[in-house]
Each structure stands twice: as structure tokens, then as C-alpha cells.
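Visitor: sequence first, then the predicted structure, then my questions.
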Amino acid sequence: MVTHPLQQKGQAIIFGLLFLAVVLMALLILYNQGQLVSDRIQLENAADATVYSQAKLAARNQNFIAYTNRSMVANETSIGQMVALLTWAKRYGQIPAFTAFPGYNIPIAPPSPVTFKQVLDTVTIPYVIMGQGVTQPVNAVVQVWPTVVSYFNSAIGIFQKMFAVATLAAQAETAMEVVKGYEDDPDDPELYIPVVGWYFFTQNALLTYFGENFDPGNLAAHLPLGEAEEMTRDFLADQVGSLDTMINDNTPALGAKKAKNKGGGRDSHVNTGEEAENKALESYQRYAAIVNQSREPFTRDRHWDVGIDVPDIFPAITLDLGLISMTIDLDFSLWTGVAADGGTAYISNSALESDADIGNLGWSSIDMLSFGLRFEIGLYVELEFCFFGCSSWVILDFSFGLGVGLPLGGATHQVVRDASDAKRLLPQWGLPGQNDTGKWGGDPEDNNNNGAFDSFHAVGLLWGQATPNIYGLVSGRDVTTRYAGPPSFFSLGSSFQESRRSYEFTAAVAKSLDDVSTSDSNRHNITGEGERWDQQNIHFSDFDVQTRSRAEAGDFAADYQQFIWGDDRPMMTISSAETYHVNPMQSLSNGDAEPANLFSPFWDARLREPSKIAVLIATGEIDFEALLQGIGNSAVEMVRWVLSAIGDRLVSTGVDYLLSNVPSPVNGLIEGPIRSGAEAVTDLAVEAVVGELEDFLP
């Protein structure tokens, strides 16, 4: 049978149509996936930029604290320099009071009536004139300078707190601005920060400033068994058990002061009890140590001597007894002359063992001048046995020095907040023969420099308690009470000094899937009878042909997700960051990195993987309201609460402390303007952020 050619045409159309359908389906899949991936990338980038910006602002705040803490230390040491110069000058100006020592009334060469006192008074006239000439102007400065510096340091402490509140406000505003910056069309915004995102912001602020109020046990109760400890440790910066506040607000008698409460329940997450007192005590102990370490050489150790040195006059003797030999070396060296020693330290008259002792911190300085003898005695004995080889044993090796001097001059001066904080008697300063190289001068590398309490000055120290009364009994002369006490300042929690990283910052950003332009932008029903989202394997990072959200399921978890993410069909993501401390310019003697602190401005920020707990909170598997109760469940409520509570607690405490140290009636005159100004700054920051947030919310 012959087939006409026209009857064999058109078969390819069938295959072409089938291929076209496949191509169209592939293009549709490609388009949908491309749109979803593009929007997901937009969302991820917005979240990364948001949380990184927040962490950067936190690092800037920590560096600001470090710079201002360093300025407080520098200011504090300037008081020590003035006090050191004053006692140095007073030591010479008060020579006549020390040459009145009874032992100097002996005639030099009887029967001549010329006494040692008369000779010393004549020889030391230039030193007395110089000392008294310097004492007057320096003393005038010391009566004013501690007041100026301590008030200025207190003001810096308030600025730290204001900057902390301003940083929180900036973090909230920056989050909104960054999200706006990632919009495709600023006139038609689609990205938003959900309620859970503002919870993360509130949570980090509380952990940073009041971490001890966060209950890890409450958190662990919501976690899977066997994973609770590991997940809690990761979430809370490696801490499990009693949490640590990252940035401690240190104010003397902090536990006794109550922050001014403007709203009900605001202080429920703010610790003002015994634990805060203990942290303040540790911080001020560290602060005092840093101040003392920062003293320049003149303040730390003032030493000079002039005299005649007689070296060791006994040579070593070796007795050879055949197989046994003995070496004996008797050392005896002598020095005679005049020596001056002094030191100035930032200390407390008490033991600094309780919060109440913090207010006793102040400057104490002592200088002594004596002349006499100092000798060193030592004995070294060694046995050597030679029998098929030689071996030696040191039988005896000891030495000791002793100085015997007579008084020529001495002085002390103290700068304290209250006269009751001053030392009055020699035993409160120390005991003769107490070679203290930490407080009153001295050099461990120099055997002839043991500080002002060297036995060489023993007679002078004891005489100073007699007629001259140099140890603080005369308040106007030897004690200055125009000092506002140690400043209020921020310090780093002890556990963070080792970890060198902050608590986790987390940002949450979302957009509605209704705003994603795909072929199936309309709602996709995945909640058919008997179906559940988890059974459908709809994971947090799913990219599917069908535009759907895990929050579309019909169970409680999905309903809760819709609430915390603020949409029925959200495309959602979270991102985390942290601040960290690395000082590239300094390390410990053993090569380890410098412990993190808020005196070294080397804080920076970096992205990190979100902790498992942050993910569980973001997916609604942990109810954030159960973790921190009383903070509200709306974005405006949480932001207003955390800014107001932290602002009240931090700023008001600093203002209270400053006013408590200003004498009456001046404190009454300045209280109104200072308190109103501080509250106005806080309120302005709160209202500015809340107002912008209300405009930002969808």
C-alpha cells in the first residue's frame, strides 16, 4: 500500500508539545526556585548585617568604656603624683622637728657646747628652705585637685552609663535602618523584624548588664534531656550554673542603693543585692591594683642614698683535708651615709574585704630621711668529697642585712573622702623592718632599697609618732578630706575575662511569602486532613517548588510561630554575632593572650553560628515569655521596658553616687538639674526609639 507523503507529516508536533511542557515546567521550577533563593539571600544578608551592626555597636561601647576607664586611672594617678610631691617636700620642710630628737642634744666634742642638733640644723638649712618653699604651693593644689579629679571621674562614670543607654538605642535604631536598607522598594517595604527579634534584643541587653538575674535552670527545663547542659553552655557564653553579668556597674555601696523605679515591675530583672556587692568589691580591688600598677616611678618609689661603702673584707678560706675539702666564706660589708625612701599608694585604711570598705579607698604617702649604718652579714660553707670523682654539698648559706639610722626628716599625707577613713597611728601604716615593696617604695632587685619601712628608718618612724605627729593626727596638715571617693565605673565579668567573648547577639528578620513573586504565591495548603508540617519535612531552610511556610501547619507550634513571627506565612531567618577581645600588642609572659578586660580597647565583632537554643526560640519550640517574664510580648512593650529599666538602673545609680559625695548645700542646689538632665537623656533615647519602632512595625 502506498502512503501519501502529506499523511506522514505532524508526528514531531506531539513530541514537541511534550518537550515544550517539560521545558515550561523546568522554567517554572527554575523561576520559583530563583525567586525563593533570591528572597532568601536578601533575608539572610539583612539578618547578617543587622546582627553584625548591633555587635559592632556593642564593641564600640566596650572600647568607649575601656578608654574612659583608662582616663579615670590616669586622672586618679595624677592625685597620687601631687600627694607624692607634697610628702617629698614636707620631708625636708619638717627636718627641724626630727633634729629635735633627744639623741642629737649630745655635744660633738665635750667640753665644747656645740651639739649634733646645732650642726644638723645649720647644714640642713637649704633643704628646709627648699622643702617649705615647695610645700606651700603644692599643698594648695592638693586641697583642690583631688576634689576636681574625683568629681570629674564621677562625671565620666555617668557618661559611661549614658553611652550604654545610647548604644542600646542605637542598636535598635540601626536594626531598623539596616533592614530598610535591604528593601527592594523602600516605598513598599516587605522585610520586617518580628516580635521574636525584639525579644532577642531585650534578652541580650539583660544578659549583658544583669546576667545574674537570668535563671539557667528555667532555661534547661525547656530543653531536651541529655542536651540541656551543652546547649545552655553554648547559649550563655560557656556558663552553666550561676551566670555572670558581662558588664558590671560598680558603685560603692551598690547594694544599699535602689534605682528610681518609673514603672511597675521594671526592676524585676535588676540585681541590687549581695551578689552585686561582691562583684563591686572584686572590681574595686582590681581597679585599685591597676591604679597602683600605673603609678609613675616617682610616685611608686622615691629612693636615694649617699655615703661610703666598705666592701667585703674577709676572703674565702679553703681547708684541704685530702679527700675532703671545706670552703668557708664569711661576708661582711658596711655602708654609712644618708638615705631617703618614700612611696605613695592607692589603698584603703581597712582591709577592703567588704562593700563598705570601698568608700575608704584613697591616697596615702610617706617619706623618710635618715643617716646611719647599714651592714650585710653572710656565711657560706661548702664541703667537697673527692673519691672516684668529686661531689660537693652546701652545708650553710645565709645572709641578712641590718640598718641602724637616726632620724633626719619624715612626712606623710593622706587624701580620703572622710576624716574617719584616715590612718592616725604608725601601726596602721606598718611596722619598722617591714620591707614592703608594694606600698611604700622599695625595689626587690636592690638590697639597699627596702622602702620607707626599712629598719634603717626604724628610729625615725618611731620618732615620727612622738613630737612631730606625722601619721594623720593633724588633719589640716597631714590629711585632706576634699576627695569624692573612688569613681563609679563599668568592669568586665570575671568569666568573660577568660572566654574573651560576649553573650550571643541574635537578629531575626522575616518577610511574608505572600510578597514573594512566584507562580504559586497564593497560599499552599499543606494542612490537609491528618497532615502535619513536621511530617512533611518542611525545614527551616527548605527551598521548594511550592511556596510554603512551616508556620502554615495546624498545630500549636505553628500557631505560636505565626505569633512570634507576625505573619501567617513568614519566610524567616535568624543570624548571630558576638563581640570578642584580642590585643595584638600585648600578651602574658608565658605567651598566652591578654585576658579580656574593659581597660584595654581591643574589642571587635564577628558573626557566629546561632546557638541551638536561639534556633529553638526562633522556631517557637521554647516559649520566650517563659524565660523572661514581665517584659511584655509586643515589640514596643519590650523595647520600652528594657531601655527604661536599664537607663533608670544605670544612670540613676551614677547620679545618686555623685550627689552623695557632693557636700551640702551644694548637692541640694545641683541635684535637680543633674537628675532632670540625666532622666531627660534616658527618656529622649527611649521615646525616639519607640517612636521610630512604631513607624517601622508593619
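Guide: Received it, and whenever you're ready, just let me know what you need. Owing to the predicted nature of the structure, the values given are computational and were not obtained by experimental measurement. Numbering: from 1, shown residues only.
Visitor: what average pLDDT does stretch 250-263 get?
Guide: Mean pLDDT, computed over stretch 250-263, is 48.
Visitor: how much space separates Leu396 from Tyr380?
Guide: Distance from Leu396 to Tyr380, counting by CB to CB, to the nearest Å: 7 Å. Heads up, the C-betas are built off the backbone N, CA and C, glycines and all.
Visitor: next: Thr135.
Guide: Thr135 sits 48 Å away from Tyr380, going by CB to CB.
Visitor: looking at those two, which is more packed in?
Guide: More crowded of Thr135 and Tyr380, by other CB atoms under 10 Å: Thr135, with 23 against 16.
Visitor: surely that one is in contact with Ala89?
Guide: Yes - assessed by CB atoms under 8 Å, Thr135 is found in contact with Ala89 at 4.5 Å.
Visitor: contacts only, for Gly103.
Guide: 116, 406 (CB atoms under 8 Å, 6 or more residues apart in numbering).
Visitor: spell out the secondary structure type for it.
Guide: helix (DSSP: H, G, I helix; E, B strand; the rest coil).
Visitor: who's the closest spatial neighbour of Phe314, skipping the chain neighbours?
Guide: Leu330 (4.5 Å; CB to CB, 6 or more residues apart in numbering).
Visitor: is it fair to say that neighbour lies in a helix?
Guide: No - counting by three-state DSSP, one finds Leu330 to be strand, located in no helix.
Visitor: ok now do it, which residues does it touch?
Guide: 314, 378-379.
Visitor: narrow those to those that are buried.
Guide: Gly378 (16 or more other CB atoms under 10 Å).
Visitor: make CSV from the contacts of Leu330 and add pLDDT to it.
Guide: Converted to CSV, the contacts of Leu330 look like this (pLDDT from 0 to 100):
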residue, pLDDT
Phe314, 77
Gly378, 84
Leu379, 86
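Visitor: of the contacts of Leu330, which belong to strands?
Guide: 378-379 (DSSP state E).
Visitor: hmm, back to that, any idea of the pLDDT on the residue nearest to Phe314?
Guide: pLDDT at Leu330 comes out at 84.
Visitor: make TSV from the contacts of Leu330 and add distance to Ala228 to it.
Guide: Formatted as TSV, the contacts of Leu330 follow (distance: CB to CB, whole Å):
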residue	distance to Ala228
Phe314	74
Gly378	64
Leu379	66
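Visitor: considering the contacts of Leu330, which is situated nearest to Gln414?
Guide: The nearest member of the contacts of Leu330 to Gln414, counting by CB to CB, is Gly378 at 38.8 Å.
Visitor: give me the beta-bridge partners of that closest one?
Guide: Asp331, Ser399 (DSSP bridges).
Visitor: ok, now which ones touch it?
Guide: Shown in contact with Gly378 (CB under 8 Å, 6+ apart): 329-332, 398-400.
Visitor: how far away is it from Asn449?
Guide: Counting by CB to CB - Gly378 and Asn449 are separated by 19 Å.
Visitor: care to break the chain down by domain?
Guide: Taking automatic domain parsing as the reference, the chain has its domains at 44-70+156-282+492-696, 298-466.
Visitor: how about TSV for the ones you listed, with distance to Val37 added?
Guide: As requested, the domains of the chain are exported to TSV (distance: least, CB to CB, whole Å):
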stretch	distance to Val37
domain 44-70+156-282+492-696	6
domain 298-466	58
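Visitor: center of this structure, which residue is that?
Guide: What sits nearest the mean C-alpha location of the chain, by CA atoms, centre = their mean, is Ser491, with 2.6 Å.
Visitor: tell me what it is bridged to.
Guide: Asn248.
Visitor: go on, Leu321?
Guide: If you apply DSSP bridges, the partners that Leu321 bridges to are Ile324.
Visitor: can you check what pLDDT the model gives it?
Guide: You'll see Leu321 listed with a pLDDT of 74.
Visitor: doesn't Val165 belong to a helix?
Guide: Yes - secondary structure of Val165 (three-state DSSP): part of a helix.
Visitor: just the buried residues of the helix or strand hosting Thr147, please?
Guide: Taking DSSP states H and E as the criterion, Thr147 maps to helix 145-181. Of the residues in helix 145-181, 145-147, 149-151, 153-154, 156-158, 160-176, 178-179 count as buried by neighbour count, 16+ other CB under 10 Å.
Visitor: how about the strands in the stretch 201-350 of the chain?
Guide: 247-250, 302-310, 317-321, 324-348 (DSSP state E, counting those that start in this stretch).
Visitor: any chance of these in a markdown table, plus distance to Gly93?
Guide: Shown next, in a markdown table, are the strands of the stretch 201-350 of the chain (distance: least, CB to CB, whole Å):
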| stretch | distance to Gly93 |
| --- | --- |
| strand 247-250 | 39 |
| strand 302-310 | 15 |
| strand 317-321 | 51 |
| strand 324-348 | 14 |
